[in-house]
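Asker: No letters, just coordinates:
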């Protein structure tokens, strides 16, 4: 177990490092000049050269990378060009909003999609199940900016019950959460439906029924418990993805999270800010995956960590 | 008929009359069980024997009201303790785990893999005795595990099914089947998935339990050795019908039907290779 943990953490650190290196190189290989984005439109070539020197962008690529790594080791991710503040601090200011939205969206998804999937499994291949399928897949197929704008139109403009933008009160969380959750419902409910159908047709379900276990207990204790591993995997993967920021939804709702921050950082070619965002979100995503993996034995006693792989 | 308790001596535990079960497939309707009638009384073991596809397991699942999708009872009655479980699905639910229990075919897949055996046995006990606390159910369950000769039942209470061998799991399943103090056990090929040596110990256990509790047993098997060992009466089944019925000794010693003789001849025997014995009338080759 300890060996497994050490190996997994080592793998995680390596993954973060490789991600950062790739982003570092791609940013500098991609067209676009941070100095030009930063300077006033009237800036002369000499001004641009001075700005480049100020940001350390006049050094050769390999030297820039060396400096980046040296600073990284001391926990210094550089100063954001546009915020004139520590890039790491700028990201950390935004992170709570992204985590709030991700937690709320995953919670709503779970609370709606799991009972829905169970209901679909109990009514497999009926017209009502087909109807539920069509609805959730329609939700998944709608582009999130469209869903977001429609929700805004209905609940902020036509019936002004919820705020349109920003996070001024907890009401502001409702529309972004619903927009994100609608995208996940089909995936999770169909997964639960499939796993539950398998579990309810398994011999242990028939044998349990033969000893008088109620249909309710068969569904919620036997069926759902036996479906837990794929469900937790899928929810963990979706949650990790949401932590990277839901760019479109954050922009539509003016949500002050990491997603809208990264858009701004990319527009201004704010290299340190982009790198800091990538470091923080990649670390979080990998951490979530690690926690999900560590949780497997809780859901399936046959899983022995460190034995496989 | 009004009181199953009072008329126990007259009413058999299980009374199956003219049971017909159909299988609906893409190619049409197949009569899986075609009008079988039999009874099982207290302390009695009645065996349905036949090759795979003869309808014996379907009959057993029909008795329990647990036919898989596609199979349905067409006509006939199944009375368990006097209640017709075919006519009334509520009665079927009421008798399962109380009057009748199942010992399944493959012990390796018959328990939920993510729940401890103690949890599943404890739940089975508490279904029948809702007044018991978890701790009381545990005491009763550990006692039951001892009865089916699971050693160190206290430590194994918390173990998961994958930590047991097939023979041990089948004994645990017998304990679970006994948890509801049933009057009738339906044993659907209870030893087919087990090694020969383990088979004998499981059969021994079943017979010992029957002697002690007077439980009635409906045994399903394709193995004449098993049938000969445990049965009072044997029904030989082929293509959904009984081809021959009678006391176990009579069926084994003086089989009247060619099909029964074929089944008898199919039992492997220790000893010299005798080519003449393999020539079996009616056996498809």
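Answerer: It's in. Only a predicted model underlies this, so the values are computations on that prediction, with no experimental measurement involved.
Asker: Could you look up the SS state of the most centrally placed residue in chain B?
Answerer: Against the mean C-alpha coordinate of chain B, by CA atoms, centre = their mean, the closest residue is residue B:187 at 1.5 Å. State at residue B:187, reduced to three classes by DSSP: H, G, I helix; E, B strand; the rest coil: strand.
Asker: for residue B:32, same thing?
Answerer: Criterion first, three-state DSSP; result for residue B:32: strand.
Asker: The residue of the stretch 151-300 of chain A found nearest chain B: neighbour count?
Answerer: Nearest residue of the stretch 151-300 of chain A to chain B, counting by CB to the nearest CB: residue A:212, 2.5 Å away. Placement of C-beta: from N, CA and C, glycine included. Residues near residue A:212, counting by other CB atoms under 10 Å in any protein chain shown, number 23.
Asker: who in the stretch 101-250 of chain A is up against chain B?
Answerer: A:202-204, A:206-213, A:217, A:221-222, A:225-226, A:228 (CB under 8 Å from any CB of the partner chain).
Asker: where does chain B have low pLDDT?
Answerer: Counting by pLDDT under 70, chain B contains low-confidence ranges at B:1-10, B:268-285.
Asker: which residue sits closest to whichever residue of it sits closest to chain A, ignoring its sequence neighbours?
Answerer: Here the residue of chain B nearest chain A is residue B:97; by CB to the nearest CB that distance is 2.5 Å. Leaving aside its sequence neighbours, residue B:97 sits nearest to residue A:212 (CB to CB, 6 or more residues apart in numbering or on different chains; 2.5 Å).
Asker: With residue A:152 instead?
Answerer: residue A:164 (5.5 Å).
Asker: For the one you found, report the pLDDT, please.
Answerer: In this prediction, residue A:164 carries a pLDDT score of 73.
Asker: now do residue A:148
Answerer: 85.
Asker: how far away is it from residue A:179?
Answerer: 5 Å (CB to CB, to the nearest Å).
Asker: which residues are in contact with both of those two?
Answerer: A:249, A:252, A:253 (CB atoms under 8 Å, 6 or more residues apart in numbering or on different chains).
Asker: Among these, which one is most surrounded by other residues?
Answerer: Busiest of these [other CB under 10 Å] is residue A:253, holding 28 neighbours.
Asker: And stretch B:34-42, what's buried?
Answerer: Neighbour counts over stretch B:34-42 (16 or more other CB atoms under 10 Å in any protein chain shown) mark B:34, B:35, B:36, B:38, B:39, B:40, B:41 as buried.
Asker: which residue packs closest to residue 15, ignoring adjacent ones?
Answerer: Let's take chain A. Closest to residue A:15 by CB to CB, 6+ apart is residue A:286, at 5.8 Å.
Asker: Hmm, no, I was thinking of chain B.
Answerer: Nearest non-adjacent residue to residue B:15 (CB to CB, 6+ apart): residue B:79, at 4.2 Å.
Asker: quick one, what contacts that neighbour?
Answerer: B:11, B:14, B:15, B:16, B:17, B:85.
Asker: give me the element the fifth one is part of.
Answerer: Put plainly, it is residue B:17. strand B:14-25 (DSSP states H and E).
Asker: Parallel or antiparallel, list what pairs with that strand.
Answerer: strand B:28-40 (antiparallel), strand B:71-80 (antiparallel) (DSSP bridges).
Asker: So which elements touch the next helix-or-strand element following the shortest one?
Answerer: Put plainly, it is strand B:71-80. Heading C-terminal from strand B:71-80, the first helix or strand you meet, by DSSP H and E, is strand B:83-84. If contacts are counted by 3 or more CB pairs under 8 Å, 6 or more residues apart in numbering or on different chains; DSSP states H and E, strand B:83-84 sits against helix B:89-95.
Asker: Repeat the analysis, applying 10 Å as the threshold.
Answerer: strand B:71-80, helix B:89-95 (3 or more CB pairs under 10 Å, 6 or more residues apart in numbering or on different chains; DSSP states H and E).
Asker: could I get the ones you listed as a markdown table with distance to residue A:189?
Answerer: Converted to a markdown table, the helices and strands packed on strand B:83-84 look like this (distance: least, CB to CB, whole Å):
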| stretch | distance to residue A:189 |
| --- | --- |
| strand B:71-80 | 30 |
| helix B:89-95 | 29 |
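Asker: Buried deepest among these, which one?
Answerer: strand B:71-80 (a mean of 18; mean count of other CB atoms under 10 Å in any protein chain shown).
Asker: just how off-centre is that one within its chain?
Answerer: Relative to its chain's centre, strand B:71-80 lies at 17 Å (CA atoms, centre = their mean, to the nearest Å).
Asker: repeat for stretch A:275-293
Answerer: Worked out by CA atoms, centre = their mean, stretch A:275-293 lies 9 Å from the chain centre.
Asker: Now it: average pLDDT?
Answerer: 91.
Asker: I'd like to know which of the residues of the stretch 101-250 of chain A next to chain B are part of helices.
Answerer: Per DSSP state H, helices hold the following members of those: A:203, A:204, A:206, A:207, A:208, A:209, A:210, A:217, A:225, A:226, A:228.
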